[in-house]
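*Asks:* got a predicted structure here, sequence first:
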Amino acid sequence: MADNVEKTEKPQAPAAAKPEAASEEKKGKKISRMTLAEVEAQLKIAKEKMGAYQSSFAQHLLARKKELTKS
């Protein structure tokens with residue numbers, strides 16, 4: 001009888017199901033929650049990598065910068 005109980009138990013999965021802190025840091029931040037300094041830093045990175053502000057990401061950053069500097 002003990003053999004039947006042991007066979008029906010499933011081995012538990014390792015704790016890898018939880019995301020690590022390193023992967024959480026790589027996740028992007030919403031543009032609507034960025035500060036002016038964060039927006040400007042992202043715009044600088046976009047300019048260096050893409051050469052211009054043609055991407056939709058850069059366009060949204062520019063809109064957020066305009067919104068933050070308006071007040």
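*Replies:* Yep, that arrived.

*Asks:* drop to CA atoms for contacts and neighbour counts, all remaining ones
*Replies:* OK.

*Asks:* neighbours around residue 36, how many?
*Replies:* 16 (other Cα atoms under 10 Å).

*Asks:* touching, it and residue 65? I think so.
*Replies:* Yes. Residue 36 lies in contact with residue 65 (Cα atoms under 8 Å); the separation is 6.3 Å.

*Asks:* quick one, helices of this protein?
*Replies:* Under the criterion DSSP state H, the chain contains helices at 2-8, 21-26, 36-50, 56-70.

*Asks:* which of those comes out lowest on mean pLDDT?
*Replies:* Lowest mean pLDDT of the helices of the chain: helix 21-26, a mean of 50.

*Asks:* OK, contacts around residue 31?
*Replies:* 39, 60, 61, 64 (Cα atoms under 8 Å, 6 or more residues apart in numbering).

*Asks:* any idea how far residue 63 lies from residue 53?
*Replies:* Separation of residue 63 from residue 53 (Cα to Cα, to the nearest Å): 11 Å.

*Asks:* what's in contact with stretch 54-64?
*Replies:* 31, 32, 39, 42, 43, 46, 53.

*Asks:* the last one: how many residues sit nearby?
*Replies:* Other residues within reach of residue 53 by the criterion other Cα under 10 Å amount to 16.

*Asks:* do I have it right that it meets residue 45?
*Replies:* No. Using Cα under 8 Å, residue 53 is not in contact with residue 45; the gap is 10.6 Å.
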